[in-house]
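> mind folding the following:
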Amino acid sequence: MPKRNPENERIKRRYIQHLQRARGYSEATILTAAASIDRFIAMNGHKSLKKFHIQQAVAFRERFEEETNPKTGKLLSKSTISTTLKALRDFFTWLAEQPGYKSRIKFSDAAYFTPSLHDERIARSTRRQFIPTLAQIHKVIHGMPTSTIVERRNRALIALTILVSPRDGAAASLRLKHIDMEKRVVFQDGAEVNTKFRKTIKAGFYPIGGDAEQFVAEWVAELRDDLGFGPDDPLFPKTKRSLDRDGRFEYVALDRAPWRNTASIRKVFRKAFESVGLPYASPHSFRHTLGRLAFEKNLTIAQLKAWSQNLGHEEIMTTATNYAKMSEDEQLQVLASIGEGDRRGDDQDVIKELKKLAARY
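Predicted coordinates:
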């Protein structure tokens, strides 16, 4: 087996640092990029990236599209292929600017890693995830056990995710000082909280009803009053691993340190949803739930702007386009409910409201 090329490893590390520090990408995105680069280098026999030629990109694509998933034995999904190719395209675009490489690699060379439009459409159509309804989320929260402190932490985690919808990386890095139960606000300070692009977001609690807010309040009180946690202690401490009397690992207590990554958070969500007979819903799916809810409530434009901004979006269209997409069943139901002469409001009124919004924001 060919040895790793030290020069390739160095430039890969520089690129990862670029993604972290200059782009502010999430850990998951960076891991995907690193794995994609490793895949190409390995399939290319660990040759120096300075010797890159577009034929290597062509050969990689042909072989990669014939690879099978080791678990299923089936060809890799179009989604996996598309994600990998786009990560490599971004890497080689960056590489074409670097000293020692820009004389050997052209910007146009990176385009050979662009997925075909056909494959990209298939990839997008197969990326549908389960988006829970608000009622289903309430059901999950109420179905969670609370006999141990770890279980109560888990319930509060899911409750806060629907109340404010922080990204999982942000939730893992929140500290007690970032939540104000009296003002019903979570201050995601970009300097301390792992928000997307390290953006600072002051988010109020969404009006979702149910007991989610109460469960979060109880959790905050337990941390402060019973455990003596201070402002700089984590809002969701990681689980402490210890040995029981039989020498087996048990997870019933909390450490005073935050989670290092988001894998444990996703496990909490998976277990909670599957325990009540629902498919796994990721933390990110809650943002879609809230996006849909905004349009179900028939909010005014000003209310919709506040709702969208609370998600950390600069533009309403980000919420509308990326987070409020209907399922096909919902689409058909809404169409069936519209009468032939139905019309809501006056077009001119809508135009006036949009002009006011544009002037104000």
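> what helix or strand does Glu192 sit in?
Glu192 is part of no helix or strand, with elements assigned from DSSP states H and E.
> typo on my end, Ala253
strand 249-258.
> how about the helix or strand following that strand as CSV, C-alpha atoms only?
Per DSSP H and E, the first helix or strand lying C-terminal to strand 249-258 is helix 263-275. As requested, the backbone C-alpha atoms of helix 263-275 are provided in CSV (Å, rounded to 0.1, in the frame of the first residue of the first chain):
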residue,chain,number,x,y,z
ALA,A,263,-22.7,13.1,17.8
SER,A,264,-24.1,12.7,21.3
ILE,A,265,-26.8,15.2,20.7
ARG,A,266,-28.0,13.4,17.6
LYS,A,267,-28.1,10.2,19.6
VAL,A,268,-30.4,11.8,22.1
PHE,A,269,-32.8,12.9,19.4
ARG,A,270,-32.7,9.5,17.7
LYS,A,271,-33.5,7.6,20.9
ALA,A,272,-36.3,10.1,21.9
PHE,A,273,-38.1,9.9,18.6
GLU,A,274,-37.7,6.2,18.1
SER,A,275,-38.9,5.4,21.6
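> which residues touch the helix or strand that helix 263-275 is followed by?
Of the helices and strands lying after helix 263-275 in sequence (DSSP H and E), the nearest is helix 285-296. Here helix 285-296 makes contact (Cβ atoms under 8 Å, 6 or more residues apart in numbering) with 129-134, 137, 161-162, 165, 167, 206, 208, 304, 307-308, 311, 319-320, 322-326. Bear in mind the C-beta positions are built from the backbone N, C-alpha and C, glycine included.
> and stretch 37-52, which residues are buried?
Within stretch 37-52, the residues that count as buried by 16 or more other Cβ atoms under 10 Å are 37, 39-41, 44, 49, 52.
> domain parsing of the chain, as residue ranges.
6-125, 134-283, 288-360 (automatic domain parsing).
> now the second one: how far from the chain's centre is it?
In other words, domain 134-283. 16 Å (Cα atoms, centre = their mean, to the nearest Å).
> any idea how far apart the tips of that domain sit?
End-to-end distance for domain 134-283: 13 Å, by Cα to Cα, to the nearest Å.
> for the record, mean pLDDT for that domain?
Averaged over domain 134-283, pLDDT sits at 93.
> can you check stretch 294-309 too?
Here the average pLDDT along stretch 294-309 is 92.
> buried ones in it, by neighbour count?
Buried residues in stretch 294-309 (16+ other Cβ under 10 Å): 294, 304-305, 307-309.
> okay, those in TSV with distance to Arg153 and secondary structure next?
As requested, those are exported to TSV (distance: Cβ to Cβ, whole Å; DSSP: H, G, I helix; E, B strand; the rest coil):
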residue	distance to Arg153	secondary structure
Ala294	29	helix
Leu304	33	helix
Lys305	34	helix
Trp307	28	helix
Ser308	30	helix
Gln309	29	helix
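> kindly reformat the residues you listed as JSON lines containing distance to Ala33.
As requested, those are arranged in JSON lines below (distance: Cβ to Cβ, whole Å):
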{"residue": "Ala294", "distance to Ala33": "32"}
{"residue": "Leu304", "distance to Ala33": "34"}
{"residue": "Lys305", "distance to Ala33": "34"}
{"residue": "Trp307", "distance to Ala33": "32"}
{"residue": "Ser308", "distance to Ala33": "29"}
{"residue": "Gln309", "distance to Ala33": "30"}
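> closest to Ser116 out of the residues you listed?
Nearest to Ser116 among the buried residues of stretch 294-309: Ser308, at 33.4 Å, using Cβ to Cβ.
> and the nearest residue to the closest one once chain neighbours are set aside, which helix or strand is it part of?
Nearest residue to Ser308, sequence neighbours excluded (Cβ to Cβ, 6 or more residues apart in numbering): Thr319, at 4.1 Å. Assessed by DSSP H and E, Thr319 sits inside helix 316-322.
> so for that helix, mean pLDDT?
Helix 316-322 comes out at a mean pLDDT of 88.
> report the buried residues of that helix.
With the criterion 16+ other Cβ under 10 Å, helix 316-322 contains buried residues 316, 319-320.
> and the next helix or strand past it?
Following helix 316-322 in sequence, per DSSP H and E, is helix 328-337.
> could you give me the buried positions within that following helix?
In helix 328-337, counting by 16+ other Cβ under 10 Å, buried: nothing.
> all further residue positions should be reported with the first residue as 2.
Got it, the first residue is 2 from now on, which makes the last one we talked about helix 329-338.
> now it: how far from the chain's centre is it?
For helix 329-338 - counting by Cα atoms, centre = their mean - the centre lies 28 Å from the chain centre.
> of the buried residues of stretch 295-310, just say which sits nearest to Asp91.
Ser309 (27.5 Å).
> does the closest one touch Ala325 like I think?
No: with contact defined as Cβ atoms under 8 Å, Ser309 does not count as touching Ala325 (9.6 Å).
> return the residues in contact with the spatially most central residue of the chain.
Closest residue to the average C-alpha location of the chain: His285 at 4.8 Å, with Cα atoms, centre = their mean. By Cβ under 8 Å, 6+ apart, His285 lies in contact with 168-169.
> if we go to 10 Å?
130, 132, 162, 166, 168-169, 263, 267, 270, 324 (Cβ atoms under 10 Å, 6 or more residues apart in numbering).
> one more: Glu193?
174-176, 178-179, 199, 201, 233.
> let's go with 7 Å and repeat that
Arg176 (Cβ atoms under 7 Å, 6 or more residues apart in numbering).
> then Val187?
165, 167, 179-180, 204.
> so among these, which ones count as buried?
165, 167, 179-180, 204.
> what's in contact with stretch 204-214?
Taking Cβ under 7 Å, 6+ apart as the rule, stretch 204-214 contacts 135, 139, 142, 160, 163-165, 185-187, 189, 291, 311.
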